[in-house]
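**Q** Structure for the following, please:
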Amino acid sequence: MTEHGLLVDDDPLYLRTLQRSLARRGIDTQAATSAEQALELARQQPPSFVLLDLKLGNDSGLNLIQPLRSLRQDMRILLITGYASIATAVEAIKLGADDYLPKPATLPAILRALGIESEADAPGNAVLEPPETMTPISRLEWEHIQQALLETGGNISAAARLLGMHRRSLQRKLSKRPSPEPPPGRS
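**A** Numbering: from 1, shown residues only. Sure thing, here's the model as predicted:
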């Protein structure tokens, strides 16, 4: 069976790189940079798998899991994010995601999570993955804030109370989205 996937991320460079890497392994994909575009593409041709970023501009990839799942029950949904946290992983799985990987995820790790065999997985073709890096504090804080907003239905005052901070402090933190993580090997 030919794999057909949908890649959803608001970073066009990351999308192109991932799409080329998968194409070299014979995996056909389409790419979307927004939730609306992702749903439109998925409705036209329901994919066998979706690689879904948690943060899509002002949207959350979590909101796409159930609509995508309703299009095709056997679709494999893999959430990939630079905002990794246990709370988000649990929420993603509860909503119907099949797996969850922190960025930067290597292609072999993505293929394993999707259950797709690659040449690198064949005996004698061991792949050395880069060492894991710790998630910066600013990203962990951002993810914690996002989880509080999710739990309070987006109510900033309630989220601030839940986090034990002043509402204006939370608003300042929300205006400063953490920068994307540098690619492996760069600092």
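**Q** which other residues reach the helix or strand of the chain with the lowest mean pLDDT?
**A** When each helix and strand of the chain is scored by mean pLDDT, DSSP states H and E, helix 137-151 comes last, with a mean of 76. Residues outside helix 137-151 that contact it (Cβ atoms under 8 Å, 6 or more residues apart in numbering): 55, 60, 62, 82-85, 87-88, 91, 155-156, 159, 162-163, 170, 173-174, 177-178, 181. C-beta here means a position set from N, CA and C on the backbone, and glycine is covered the same way.
**Q** swap in stretch 74-84?
**A** Contacts of stretch 74-84 (Cβ under 8 Å, 6+ apart): 9, 46-55, 61-62, 65, 68-69, 88-89, 92, 96-105, 110, 113-115, 135, 139, 142-143, 146, 180-181.
**Q** so how far is it off the chain centroid?
**A** Remark: stretch 74-84 is offset 5 Å from the chain centroid, using Cα atoms, centre = their mean, to the nearest Å.
**Q** so where's this structure uncertain?
**A** Within the chain, the segments meeting pLDDT under 70 span 1-2, 84, 117-140, 178-187.
**Q** Who are the packing partners of the helix or strand that contains Ala158?
**A** Ala158 is part of helix 156-163 when elements are defined by DSSP states H and E. Packing partners of helix 156-163 (3 or more Cβ pairs under 8 Å, 6 or more residues apart in numbering; DSSP states H and E): helix 137-151, helix 167-174.
**Q** elements contacting the shortest one?
**A** Secondary-structure packing of helix 167-174 (3+ Cβ pairs under 8 Å, 6+ apart): helix 137-151, helix 156-163.
**Q** Give me the distance between that helix and the centre of its chain.
**A** So, by Cα atoms, centre = their mean, the centroid of helix 167-174 is 25 Å from its chain's centroid.
**Q** Kindly report the same for stretch 91-108.
**A** Distance of stretch 91-108 from the chain centroid (Cα atoms, centre = their mean) equals 6 Å.
**Q** How is the chain divided into domains?
**A** Listed domain ranges for the chain are 4-120, 137-174 (source: automatic domain parsing).
**Q** Now do the helices in this structure.
**A** Ranges of helices in the chain, per DSSP state H, are 12-23, 35-44, 62-71, 86-95, 107-114, 137-151, 156-163, 167-174.
**Q** neighbouring contacts of the first one?
**A** Residues outside helix 12-23 that contact it (Cβ under 8 Å, 6+ apart) are Gly5, Leu7, Asp9, Thr29, Ala31, Thr33, Leu51, Leu107, Ile110.
**Q** who wins for neighbours among the residues you listed?
**A** Greatest neighbour count in the contacts of helix 12-23, by other Cβ atoms under 10 Å, goes to Leu51: 27 neighbours.
**Q** And that one, how close does it get to Ala158?
**A** Per Cβ to Cβ, to the nearest Å, Leu51 is found 32 Å from Ala158.
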